[in-house]
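1. got a sequence here, can you model it:
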Amino acid sequence: MLAATLLVAFSTASFAKDKNADHKLLNQLSSTFKTSQQIHWTSKGEYSQAAFNFKNTTAYAYYATDNNELIGFGILFNKTDMPEVVTNAIKAKYNEWEVVDAMIFIDPNGYLNYFVQIHKGDKALALKITPAGKSSVYAKVAFGK
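-> Next up, the predicted model:
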């Protein structure tokens, strides 16, 4: 799963930030998380993941294990629900690759990026795509059939 592949790096990554943070989404996620009755916690070593329901989809809150600070929130989405900016960024450089997994990640300051795992043959990549549509290879990912 993409979230598991990328999360360790989220805690130390320096995100290129667009000028506008999405404070509204951050506040909605924070509020929903704080009032959720059903939260499923999973320890992943360097971070803890809390799954909760956000607008009828599963969202995740990620906390650093060493200091219990919020790393950010992630929301998985399927390839049919990808924003146009993400679809266009993938088509521009990776048109023949297949989308495996996709998520939006929003940090504690409200800055967001999209992360998409794609594969072609036996190669797989995790892409970081900014809200402006700039894509970069975030990581090479092990992909098995």
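
2. how close does S136 get to V116?
-> 11 Å (C-beta to C-beta, to the nearest Å). All C-beta atoms are positioned from the backbone trio N, CA, C, and that covers glycine.

3. elements contacting the lengthiest helix in the chain?
-> Longest helix in the chain by number of residues (criterion: DSSP state H): helix 23-35. Packing partners of helix 23-35 (3 or more C-beta pairs under 8 Å, 6 or more residues apart in numbering; DSSP states H and E): strand 47-54, strand 57-64, strand 70-76, strand 98-106.

4. so which of these is nearest P131?
-> P131 lies closest, by C-beta to C-beta, to one member of these: strand 98-106, at 9.4 Å.

5. low-confidence regions, this structure specifically.
-> Scanning the chain with the threshold set as pLDDT under 70 gives 1-20, 143-145.

6. circling back: nearest to A21, out of the helices and strands packed on helix 23-35?
-> A21 lies closest to strand 98-106 among the helices and strands packed on helix 23-35, at 8.6 Å (C-beta to C-beta).

7. what's the angle between that closest one and strand 70-76?
-> What separates the directions of strand 98-106 and strand 70-76 is an angle of 140 degrees, with axes from the mean of the first three to the mean of the last three C-alpha atoms, to 10 degrees.

8. show me which residues of the helix or strand that strand 98-106 is followed by are buried.
-> With elements assigned by DSSP states H and E, the helix or strand that comes after strand 98-106 is strand 112-120. The neighbour-count check on strand 112-120 (16 or more other C-beta atoms under 10 Å) flags L112, N113, Y114, F115, V116, Q117, I118, H119 as buried.

9. do stretch 70-79 as well
-> Neighbour counts over stretch 70-79 (16+ other C-beta under 10 Å) mark I71, G72, F73, G74, I75, L76, F77 as buried.

10. cool, and stretch 47-58?
-> Across stretch 47-58, burial judged by 16+ other C-beta under 10 Å covers Y47, S48, Q49, A50, A51, F52, F54.
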